[in-house]
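Undergrad: Turn this into a structure:
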Amino acid sequence: MNISVSPNNPVPLYQQIVDQIKAKILSGELQPGGSLPSMRQLAEELLASVITTKRAYSELEREGLIITRPGLGAFVADLSGDTVERVKTELVAGHLRAAVKSSRELGIADDQVIRMLREMLRGSLGGRRDE
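TA: Residues are numbered from 1 along each chain as shown. Take a look at the predicted model:
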């Protein structure tokens, strides 16, 4: 599995792992029932501790995205379409909450933030439409 983490990133290592595996599941790159590397194997690949990968897998399991079976390993959960949409919505809502918080801290008016979002959705604010 192609995951990369950086100790220089302010996001904790376990969260970097969670975010990347979650993205791979939600995009369909990781299929339901597919196996994930063992916690030990992933820790070795990422030069991280087993405690870090255990925490990441525990978080993914708590969110219902993976299932762990003692002695067998970890597998992508068989998610319903509703669950996938719920997780995607929650993920985007989290990003939007962070953007609103930042805009308020910087003193940017709500109507300006709304205009910026509309421009981004139209693809005219320096980003591509598929970003």
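Undergrad: The one helix or strand residue 101 maps to: how far from the chain's middle?
TA: Under the criterion of DSSP states H and E, residue 101 resides in helix 81-105. Here the centre of helix 81-105 is set off from its chain's centre by 11 Å, with Cα atoms, centre = their mean, to the nearest Å.
Undergrad: tell me the mean pLDDT over the helix or strand that that helix is followed by?
TA: Next helix or strand after helix 81-105 toward the C-terminus (DSSP H and E): helix 110-122. Helix 110-122 shows a mean pLDDT of 91.
Undergrad: Could you do stretch 8-19 as well?
TA: pLDDT averaged over stretch 8-19 gives 94.
Undergrad: Off-centre distance for it?
TA: That offset, for stretch 8-19, works out to 10 Å (Cα atoms, centre = their mean).
Undergrad: gap between the two ends of it?
TA: Chord length of stretch 8-19, first to last residue, is 16 Å (Cα to Cα, to the nearest Å).
Undergrad: Which positions within it qualify as buried?
TA: 13-14, 16-18 (16 or more other Cβ atoms under 10 Å). For the C-beta atoms, the positions are set from N, CA and C on the backbone; glycine is no exception.
Undergrad: thinking again about what came up before, could you give the angle of the helix holding residue 101 to helix 110-122?
TA: With axes from the mean of the first three to the mean of the last three Cα atoms, to 10 degrees applied, the angle from helix 81-105 to helix 110-122 works out at 130 degrees.
Undergrad: Report all helices and strands that helix 81-105 contacts.
TA: helix 13-27, helix 110-122 (3 or more Cβ pairs under 8 Å, 6 or more residues apart in numbering; DSSP states H and E).
Undergrad: Any idea how many residues pack against the closest residue to residue 110 other than its chain neighbours?
TA: Excluding the flanking residues, the one nearest residue 110 by Cβ to Cβ, 6 or more residues apart in numbering is residue 103, at 7.7 Å. Residues near residue 103, counting by other Cβ atoms under 10 Å, number 15.
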